[in-house]
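> sequence first, predicted model second:
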Amino acid sequence: MNARTDNRITMPEAALRELGRQAFQGLGLTAADAGDVVDILVMADLFGLSTHGLSRVESYGERLDVGGIAARPEIKVDRVAPALVKVDGGNGVGPLVGMHALRAAMEVAAECGIGMALARGSNHFGPISPYSHMAAEAGFASMIGSNATTTIAPWGGSDARLGNSPLGFGVPGSNGAHFMLDMAMSVVARAKIRNALKAGEPIPDTWATDKDGRRTTDARAALDGFLLPIGGHKGYGLALLVDLFAGLLSNAAYLTHVKSWVDAPDEPQNLGHFFILIDTRRLGSTEWLADRMKDFAAILHASPAAEAGKPVIVPGEIELSNMARQRAEGIALDPAVIALLKHHAGRVMA
């Protein structure tokens, strides 16, 4: 049974998963491939990352409909060394390619203690934390990254040459309290700048530049310009590192070779991803790691809060808390997302 919360609709996880699978099947995916995509997107919604959850059916669906993404890709996995795998995603939906790469990296890491998968021929693959969580649940620590459409200027430059590429890390925690760090390379997302524009408010001059590469407090000028990387020139370097691993080494597109899915929705983006996994069971028992991770978190939590009511948290705690709550109460989504999912699901019967 569906329930309304404010302007959103809450649905049980199982019902939402089934609706999502039917929607992506309506867009042309096989049942198995639709299941892979929905595994990532529903977990994003469970974590509270609604901008990267099933709402992505809109942008993914538009590109599937115009042939910019292949609904039935031929995904190839090539083991080029004992612990190294190359994955050609065949221009499939990003989370589908990501799941193939994650499984390949897990397989070789289980054999060798450490493993890496480099993926090419992909598209936007959702947030990193669902992949980190799946890896942690299976006992693997992870380092995962993807490149992206250009939105950031090179440090000191005046036009977009690199993407707001996400980078994430995960370590299995005690009783499922996994460490999960998932971050993009910009100080803030463009959505925050759009919100400031709607509210008629200025933005900090550390968020973005205007179209000429000059720092600005004007939200409108910022939307016409470029995002600033975290940590100044250090963040710029880190963003380049992600693109080197995800794009250049994987033989995917990189920097300005990445197509914009907004400007060219009918053309393959050829995004790249990397998955580096460590089998923590090779380092010690599950209990050994759980005890150390529990102590690690306790040391941080014991720091007195600088501001009342805002205790120290460890990356991943907010997402895991959201997941527990929404699994109990239902997942809240925008009604427009539910309507679009139902629309695409209806195409299965048509």
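Arrived safely. Quick caveat: nothing in here was measured; it's all calculated off a predicted structure.
> show me where the stretch 151-300 of the chain has helices.
Secondary structure of the stretch 151-300 of the chain by DSSP state H, counting those that start in this stretch: the helices cover 190-199, 219-223, 233-243, 286-301.
> quick one: which of the ones you listed is nearest A208?
helix 219-223 (3.7 Å; C-beta to C-beta). (C-beta placed from N, C-alpha, C; glycine too.)
> could you give the separation of the closest one from the chain centroid?
In terms of C-alpha atoms, centre = their mean, to the nearest Å, the centre of helix 219-223 is found 25 Å from the chain centre.
> give me the mean pLDDT for that helix.
Helix 219-223 shows a mean pLDDT of 91.
> need the residues that contact it.
190, 193-194, 196-197, 201-203, 207-211, 216 (C-beta atoms under 8 Å, 6 or more residues apart in numbering).
> a markdown table for these, including neighbour count, pLDDT and distance to F24?
Formatted as a markdown table, the contacts of helix 219-223 follow (neighbours: other C-beta atoms under 10 Å; pLDDT from 0 to 100; distance: C-beta to C-beta, whole Å):
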| residue | neighbour count | pLDDT | distance to F24 |
| --- | --- | --- | --- |
| R190 | 15 | 76 | 26 |
| I193 | 21 | 88 | 31 |
| R194 | 14 | 81 | 28 |
| A196 | 21 | 90 | 34 |
| L197 | 16 | 89 | 33 |
| E201 | 10 | 93 | 38 |
| P202 | 12 | 93 | 41 |
| I203 | 21 | 93 | 36 |
| W207 | 21 | 91 | 35 |
| A208 | 29 | 90 | 34 |
| T209 | 21 | 90 | 38 |
| D210 | 17 | 89 | 39 |
| K211 | 16 | 87 | 37 |
| T216 | 21 | 93 | 40 |
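> pull the most distant pair out of those.
So, the contacts of helix 219-223 by C-beta to C-beta: farthest apart are E201 and K211, at 20.4 Å.
> tell me the secondary structure at the residue nearest in space to the middle of the chain.
A centroid search over the chain (C-alpha atoms, centre = their mean) returns P127, at 1.3 Å, as the residue closest to the centre. Here P127 is recorded as coil under DSSP: H, G, I helix; E, B strand; the rest coil.
> do the one 4 residues further on as well
Y131 carries the three-state label helix when classified by three-state DSSP.
> ok so, going back, which of the helices of the stretch 151-300 of the chain sits closest to H52?
helix 190-199 (11.2 Å).
> elements contacting the closest one?
Applying 3 or more C-beta pairs under 8 Å, 6 or more residues apart in numbering; DSSP states H and E, we find helix 190-199 packed against helix 219-223.
> which parts of the helix it packs on are buried?
Under the neighbour-count criterion of 16 or more other C-beta atoms under 10 Å, helix 219-223 has 219, 221-223 buried.
> over to stretch 160-173?
160, 162-173.
> kindly report the same for stretch 222-241.
222-223, 225-230, 235-236, 238-240.
> closest to A148 out of the contacts of helix 219-223?
Nearest to A148 out of the contacts of helix 219-223 is R190 (C-beta to C-beta; 11.9 Å).
> let me see the contact set for the closest one.
Contact analysis of R190 by C-beta under 8 Å, 6+ apart lists 151, 223, 227.
> how near is the residue lying closest to S132 once chain neighbours are set aside to S59?
In space, S132 comes closest to G170 once its chain neighbours are excluded; the distance is 3.0 Å by C-beta to C-beta, 6 or more residues apart in numbering. According to C-beta to C-beta, to the nearest Å, G170 and S59 sit 26 Å apart.
> then G176?
For G176, the distance to S59 - C-beta to C-beta - is 31 Å.
> same deal with I318?
On the measure of C-beta to C-beta, I318 and S59 end up 25 Å apart.
> repeat for I278
Separation of I278 from S59 (C-beta to C-beta): 33 Å.
> can you give me the strands in the stretch 51-200 of the chain?
With DSSP state E, counting those that start in this stretch as the criterion, the stretch 51-200 of the chain has strands at 76-81, 84-88, 114-122, 140-146, 150-152, 162-163, 167-171, 179-183.
> name the helices or strands packed onto the fifth one?
Which is strand 150-152. strand 162-163, strand 226-227.
> longest helix anywhere in this protein?
helix 94-112 (DSSP state H).
> in contact with the closest residue to F24 other than its chain neighbours, which residues?
Closest residue to F24 apart from its sequence neighbours, by C-beta to C-beta, 6+ apart: A34 at 3.7 Å. With contact set as C-beta under 8 Å, 6+ apart, A34 has these partners: 20-25.
> of these, just the buried ones, PyMOL syntax please.
Selecting only the buried entries of the contacts of A34 in PyMOL, with 16+ other C-beta under 10 Å as the criterion:
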select buried, resi 20+21+22+23+24+25
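> which of the contacts of A34 fall within helices?
Assigned to helices by DSSP H, the following of those qualify: 20-25.
> and stretch 205-217, end to end?
End-to-end span of stretch 205-217 (C-alpha to C-alpha, to the nearest Å): 5 Å.
> let me fix that, I meant to ask about stretch 217-236.
With C-alpha to C-alpha as the measure, the first residue of stretch 217-236 is 21 Å from its last.
> my guess is N123 meets H273, correct?
No - shown here, N123 and H273 do not form a contact pair, counting by C-beta atoms under 8 Å, at 10.2 Å.
> shared neighbours of those two, which are they?
V97.
> more neighbours: which of those two?
It is H273, of N123 and H273, that has more neighbours when counted by other C-beta atoms under 10 Å, with 31 against 27.
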